[in-house]
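A.B. asks: quick one: sequence plus predicted model below, questions after.
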Amino acid sequence: QVQLVESGGGSVQSGGSLRLSCSASGNSRYCMGWFRQAPGKGRVWVADMDSTATTRYAASVKGRFTISQDNAKNTLYLQMNSLKPEDTAMYYCAAGPLLLSGDCSGSWDYWGQGTQVTVSS
C-alpha cells in the first residue's frame, strides 16, 4: 500500500513556473508518474520515471516540465516552467508496478488526491 500526497499547486501567470511535490509513504519501489485532468476532460499522462531514473514526457510538456525524485525524502517532483493557460488542470501523482526490467508497466495502482494548477493569460 502506498499513500501519495501532492502539494505545490497554485495560480500563476502565463510564462511562470511552479514545482509540484508528491510525498510517498512506504519503502517499495514503484514507477512514479504525474497525470493531469482539465475541467470537462479525462485524466491524461504527463510524465513518469522508472527504477533506472529514465524519464518520459508527453509531447505537450516536453522541454518545459521536468520530473525528478529524491529517494531519501520519498518525494517526487514536477518542475513546470514556461506555463501556458492550457496547462491549467488538477495534477495527480501516481504509482504503479515496475516490470522485471525496471521499466514502468503502464498501469497505475495508487493515486494522490490532486493539486490544482491554474495558469492565467
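C.D. replies: Cool, the structure landed. Residues are numbered from 1 along each chain as shown.

A.B. asks: tell me what the one residue sitting closest to the centre of the chain is bridged to.
C.D. replies: Per Cα atoms, centre = their mean, the C-alpha nearest to the average position across the chain is that of W34, at 2.2 Å. W34 forms beta bridges with A47, C93, as assigned by DSSP bridges.

A.B. asks: show me the contacts for it.
C.D. replies: By Cβ atoms under 8 Å, 6 or more residues apart in numbering, the contact list for W34 reads 20, 22, 45-48, 67, 76, 78, 91-94. C-betas here are computed from N, CA, C, even on glycine.

A.B. asks: would a markdown table of those residues with distance to Y30 and neighbour count be doable?
C.D. replies: Listed next are the contacts of W34 as a markdown table, based on distance: Cβ to Cβ, whole Å; neighbours: other Cβ atoms under 10 Å:
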| residue | distance to Y30 | neighbour count |
| --- | --- | --- |
| L20 | 17 | 25 |
| C22 | 11 | 25 |
| W45 | 15 | 15 |
| V46 | 16 | 24 |
| A47 | 15 | 21 |
| D48 | 10 | 24 |
| I67 | 14 | 21 |
| L76 | 10 | 28 |
| L78 | 16 | 25 |
| Y91 | 18 | 23 |
| Y92 | 14 | 22 |
| C93 | 11 | 28 |
| A94 | 9 | 24 |
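
A.B. asks: dump those to CSV, plus pLDDT.
C.D. replies: Converted to CSV, the contacts of W34 look like this (pLDDT from 0 to 100):
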residue, pLDDT
L20, 98
C22, 98
W45, 98
V46, 98
A47, 98
D48, 98
I67, 98
L76, 97
L78, 98
Y91, 98
Y92, 98
C93, 98
A94, 98
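
A.B. asks: state the distance from M80 to G15.
C.D. replies: 11 Å (Cβ to Cβ, to the nearest Å).

A.B. asks: quick one: secondary structure of S101?
C.D. replies: Put simply, S101 is coil when judged by DSSP: H, G, I helix; E, B strand; the rest coil.

A.B. asks: what about it, how many residues nearby?
C.D. replies: When neighbours are defined as other Cβ atoms under 10 Å, S101 has 10 of them.
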